[in-house]
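> Following is a predicted model, sequence given first.
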Amino acid sequence: MEIRILDEQAVTPEMDAAIRKTLAACFPLNQDQFAKTRQWRGNIPLFSVVARDAGGIAAHAAVVDRTIRVGDTSLRIAGFGNVCALPEYRKTGLIDQVLKRAVEEARQRKFPVGLLFCRDYVRAVYERNGWKGLPNQPCTRVEAGQEIPVGPDNPRMWIPLNQDRFPAGPIHLQGDKW
Ligand SMILES: CC(C)(COP(=O)(O)OP(=O)(O)OC[C@H]1O[C@@H](n2cnc3c(N)ncnc32)[C@H](O)[C@@H]1OP(=O)(O)O)[C@@H](O)C(=O)NCCC(=O)NCCS
């Protein structure tokens with residue numbers, strides 16, 4: 001199994017289609033969207049990490065480059081999203097290798113912290129990979145010009161990269177989730 005970093009500019013049409021196929025298989029409710037684009041809520045990755053073998057893309061994570069506000073400061077974050085592994089590669093530790101590689105790459109690219117949104121049923125996956133919850137900081141996203149609270153059913157998790165503390169205060173995403 002080969003694990004690779006792909007800068008967005010280096011994604012060929014064939015690779016794009018292969019990643020979208022895996023995303024559609026892993027996120028069946030969003031199949032229609034992934035039939036057309038990998039962009040989740042309009043976010044274009046800075047880079048993606050793929051685990052690939054002869055059969056295609058077994059596991060994937062995308063990282064977007066965003067600047068958000070936390071309290072009264074702005075914070076550049078590596079936004080992790082579209083994290084998935086095909087069913088036959090789950091419980092093998094493959095996604096841990098992909099996440100580790102993405103974290104290392106984001107650290108090398110000088111991001112202070114990583115941030116992602118998850119669901120309670122996958123929290124443990126991120127916790128075992130060093131991610132921590134932010135349960136006490138309200139979070140606001142913006143969709144079609146409307147400010148919308150991100151609910152507790154969509155927990156925020158962060159990971160230190162080049163900064164070992166997440167700032168205090170309410171989080172405003174200055175845009176939509178990724
Ligand atoms: C998330 C994922 C990469 C984790 O892979 P993994 O670490 O190899 O481990 P698992 O697939 O066993 O997932 C860990 C737990 O999450 C649960 N889980 C994962 N995806 C789930 C989903 N879409 N709905 C409900 N539960 C889910 C698993 O049942 C498992 O629970 P268990 O430990 O009680 O058995 C993989 O499950 C996946 O691709 N899921 C679909 C896409 C997804 O939901 N991505 C996360 C977005 S935040």
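Noted; the coordinates are in hand.
> How about the residues of this protein by the ligand?
Contacts of the chain with the ligand, taken as Cβ under 6 Å from any ligand atom, map to 26-27, 83-85, 90-91, 95, 118-119, 121-122, 125. In this view, the C-beta of every residue, glycine as well, is placed from N, C-alpha and C.
> got the residue ranges for the helices in this protein?
13-26, 31-36, 94-108, 123-127 (DSSP state H).
> what's the third one packed up against?
Read it as helix 94-108. Under the contact criterion of 3 or more Cβ pairs under 8 Å, 6 or more residues apart in numbering; DSSP states H and E, helix 94-108 touches strand 2-7, strand 47-53, strand 56-70, strand 73-85, helix 123-127.
> ok, back up a step: identify the farthest-apart pair in the residues of the chain next to the ligand.
Maximum pairwise distance among the residues of the chain next to the ligand (Cβ to Cβ): 18.3 Å, between 27 and 91.
> So these two - more neighbours on which side?
More crowded of residue 27 and residue 91, by other Cβ atoms under 10 Å: residue 27, with 14 against 9.
> Return the residues in contact with that one.
34, 82, 84 (Cβ atoms under 8 Å, 6 or more residues apart in numbering).
> go again using 10 Å as the cut-off
When contacts are counted by Cβ atoms under 10 Å, 6 or more residues apart in numbering, residue 27 touches 33, 34, 40, 82, 84.
> Among those, which one has the most neighbours?
Within the contacts of residue 27, residue 82 tops the neighbour count with 24 neighbours, counted by other Cβ under 10 Å.
> For the residue lying closest to that residue once chain neighbours are set aside, name its beta-bridge partners.
Excluding its sequence neighbours, the residue lying closest to residue 82 (Cβ to Cβ, 6 or more residues apart in numbering) is residue 62, at 4.5 Å. Taking DSSP bridges as the rule, residue 62 bridges to residue 48, residue 81.
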